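>>> Build the 3D model from these lines:
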Amino acid sequence: MDITGRKITKIAREAEKLILQIPEIRAEEVIGQDVRALGERYKVCLDTHRCEDLVRLIKTVYRKEKRLEENGKKLAKTEREYSKLAKELLHREFSMALEVPYDEVENYITEKVAALQK
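Predicted coordinates:
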């Protein structure tokens, strides 16, 4: 049991371990690829159903969006939708594994990762 009295399952331990690894998961380099090719690449990530792949997709799109914003450009709608879907899937997985309400998962992840930075 953890300090809140929750029974810690193997799935919960794996989810916690992945959250702690988020800072080390690298975004992919996607410069110069057309939206259709990227869509296929993102679809493959989603189809693996691996949380690490979902994190990588989210980080990849986030990094690309920031780079585009610096140049006064916007992210393609397709990429935004893939990122949103990946985030929803990841948050559902973590919500179930960690018994954290879905709408609190993002803050939970943010707090855990921030604690690593201290």
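>>> List the contacts of the residue nearest the centre of the chain.
With distances taken as C-alpha atoms, centre = their mean, V55 lies nearest the centre of the chain, 3.0 Å away. Counting by C-beta atoms under 8 Å, 6 or more residues apart in numbering, V55 touches L18, I22, I25, L90. Where you see a C-beta, it was placed from the backbone N, CA and C, and this is true even at glycine.
>>> Top of the residues you listed by number of neighbours, please.
L90 (22 neighbours; other C-beta atoms under 10 Å).
>>> Could you measure from I25 over to V55?
Look at I25 and V55: by C-beta to C-beta, to the nearest Å, they are 5 Å apart.
>>> helices and strands around the worst-scoring helix or strand of the chain on mean pLDDT, which ones?
Every helix and strand of the chain was ranked by mean pLDDT, DSSP states H and E. The lowest is helix 35-48, at a mean of 88. With contacts taken as 3 or more C-beta pairs under 8 Å, 6 or more residues apart in numbering; DSSP states H and E, helix 35-48 sits against helix 51-70, helix 77-98.
>>> and it, how far from the chain's centre?
Relative to the centre of its chain, helix 35-48 is centred 15 Å away, using C-alpha atoms, centre = their mean, to the nearest Å.
>>> Please renumber the chain so that the first residue is 49 from this point on.
I'll keep to 49 as the first residue from here, and by that count the last item is helix 83-96.
>>> can you pull the buried residues of that helix?
L86, G87, Y90, C93 (16 or more other C-beta atoms under 10 Å).
>>> Go through those and name the one nearest Y110.
Distance to Y110 across the buried residues of helix 83-96 (C-beta to C-beta) is lowest for Y90, with 12.8 Å.
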